[in-house]
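Trainee: Got a sequence here, can you build the structure:
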Amino acid sequence: MSVAGLSVFGVQLPHPWFALLALLALPAWWWSQRSAGRVVFSSLRVLPGGGTTWRTAIAWLPDALVALAIVALSIALVGPRAGDKSSRIRRDGIAIVMALDVSGSMRALDLSAKNQELTRLDAVKRSFEQFVLGTKKLAGRPDDAIGLVAFARYADTRSPLTLDHNNLVAAARQLDFAMQDEDGTAIGAGLELAVQRLADFKARSKVVILLTDGESNVHDIDEDTAIDDAVKAGVKVYTIGAGTTGVAPVRVDRGDGRTELMQMSVSIDEATLRRIAERTGGQYFRATDNASLQHVYSAIDKLERTSLEEERFMEYEEYYPYFVVAAMSLVVIAMLLRGTVLRRLP
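Mentor: Okay, the predicted model is just below:
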């Protein structure tokens, strides 16, 4: 395992002490110069005249190239590298399944924004998207695997647990109200399916966010059975009761191309939602308007945050191969010069 080393101009040097090997270039140069080939003559008169030639002027070049090759190899051993600035820190994330009521009562308009008429379902979809992708106030959940379950009389999976949050949000945007023959509120079925999606998923924390605006009136799967399964699987459930109680406005199609606002009787089984949250170690929230719905998601976002313990995976661009190639090239050039135009006499 490499040591931390030094950093020069943003380039990390994990093994800086190998740079001392560059000093070997000096004795190598000295020894190469001393070992120059020579011929012994009985008299200087037999040597040809003419002085220094271009070959004798650069006779030192092969030796210098070998010395530079030693320097390049020492730099390669230092291991210069630079971290990839675009690499993201990966954390051990949380697995979250959103179980969302899509029954007909979600048509009520009491969760509308200030300047925009929104059904309960539209408001919840918007808040869920902001919870997943983030806003100025919410950091988003980039490291969490998130899935989506919709329920009315029956429950079905709209998105499996995934890190592909763009496709997850696309699936959420396509949610619509249950057909008339599938209308109803099966809280037990919605919770049970969400727990099943999480049961075998490997994550340090497993969470269900269950949102409904009514009372459970379909009991094919009992709520207590779903709660027991959640406890066994180690799943924490946050429940949200969405909407006002008593009456809520709803827009009704008159059939002649016009619509009108009517008051719809609504009620929420808060006792069941509290029981689910308490037995699974979660928390119950009440959202009576758009602002409080935003606050609920913000609160859950703070409660279920990835631990500060994290593994950092930094990708590096390694530069040592360039210096190895340079060293080999210098040695080859030196050998070619020494064997051809700058050949020495033995």
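Trainee: Which residues does the helix or strand where residue 273 lies contact?
Mentor: Element membership for residue 273, per DSSP states H and E: helix 270-280. For helix 270-280, the surrounding residues in contact (C-beta atoms under 8 Å, 6 or more residues apart in numbering) are 187, 191, 208, 210, 212, 215-216, 223, 226-227, 230-231, 235-241, 282-284, 286. Bear in mind the C-beta positions are built from the backbone N, C-alpha and C, glycine included.
Trainee: Give me the subset of those that lies in strands.
Mentor: 208, 210, 212, 235-241, 283-284, 286 (DSSP state E).
Trainee: Mind picking the two most distant members of those?
Mentor: 235 and 286 (21.7 Å; C-beta to C-beta).
Trainee: Tabulate the ones in strands among the contacts of helix 270-280 (CSV), appending neighbour count, pLDDT and distance to residue 274.
Mentor: CSV is the format used below for the ones in strands among the contacts of helix 270-280 (neighbours: other C-beta atoms under 10 Å; pLDDT from 0 to 100; distance: C-beta to C-beta, whole Å):
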residue, neighbour count, pLDDT, distance to residue 274
208, 29, 97, 15
210, 28, 97, 12
212, 28, 95, 13
235, 27, 96, 17
236, 21, 96, 14
237, 28, 97, 11
238, 25, 97, 12
239, 26, 97, 7
240, 27, 97, 12
241, 22, 95, 9
283, 17, 96, 9
284, 19, 96, 5
286, 16, 95, 10
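Trainee: now those in JSON lines, with distance to residue 54?
Mentor: Output for the ones in strands among the contacts of helix 270-280, formatted as JSON lines (distance: C-beta to C-beta, whole Å):
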{"residue": "208", "distance to residue 54": "84"}
{"residue": "210", "distance to residue 54": "88"}
{"residue": "212", "distance to residue 54": "92"}
{"residue": "235", "distance to residue 54": "84"}
{"residue": "236", "distance to residue 54": "83"}
{"residue": "237", "distance to residue 54": "87"}
{"residue": "238", "distance to residue 54": "85"}
{"residue": "239", "distance to residue 54": "90"}
{"residue": "240", "distance to residue 54": "88"}
{"residue": "241", "distance to residue 54": "94"}
{"residue": "283", "distance to residue 54": "87"}
{"residue": "284", "distance to residue 54": "92"}
{"residue": "286", "distance to residue 54": "93"}
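Trainee: okay, now residue 18: neighbour count?
Mentor: 16 (other C-beta atoms under 10 Å).
Trainee: repeat for residue 248
Mentor: Residues near residue 248, counting by other C-beta under 10 Å: 21.
Trainee: What strand or helix carries it?
Mentor: Here residue 248 is assigned to strand 246-253, by DSSP H and E.
Trainee: other SSEs contacting that strand?
Mentor: In this structure, strand 246-253 makes packing contacts with strand 259-266, judged by 3 or more C-beta pairs under 8 Å, 6 or more residues apart in numbering; DSSP states H and E.
Trainee: of the ones in strands among the contacts of helix 270-280, closest to residue 130?
Mentor: The closest of the ones in strands among the contacts of helix 270-280, once distances to residue 130 are taken by C-beta to C-beta, is residue 240, at 14.7 Å.
Trainee: check contacts around the nearest residue to the closest one once chain neighbours are set aside.
Mentor: Nearest residue to residue 240 in three dimensions, chain neighbours excluded: residue 211, at 4.2 Å (C-beta to C-beta, 6 or more residues apart in numbering). Counting by C-beta under 8 Å, 6+ apart, residue 211 touches 98, 99, 100, 101, 124, 239, 240, 242.
Trainee: out of those, who's nearest residue 326?
Mentor: residue 98 (56.3 Å).
Trainee: quick revisit: looking at the ones in strands among the contacts of helix 270-280, which is nearest residue 263?
Mentor: Nearest member of the ones in strands among the contacts of helix 270-280 to residue 263, counting by C-beta to C-beta, is residue 241, at 19.3 Å.
Trainee: contacting residues around the closest one?
Mentor: Neighbours of residue 241 in contact, by C-beta under 8 Å, 6+ apart: 212, 213, 268, 270, 273, 284, 285, 286, 287.
Trainee: Fine by me, thanks again.
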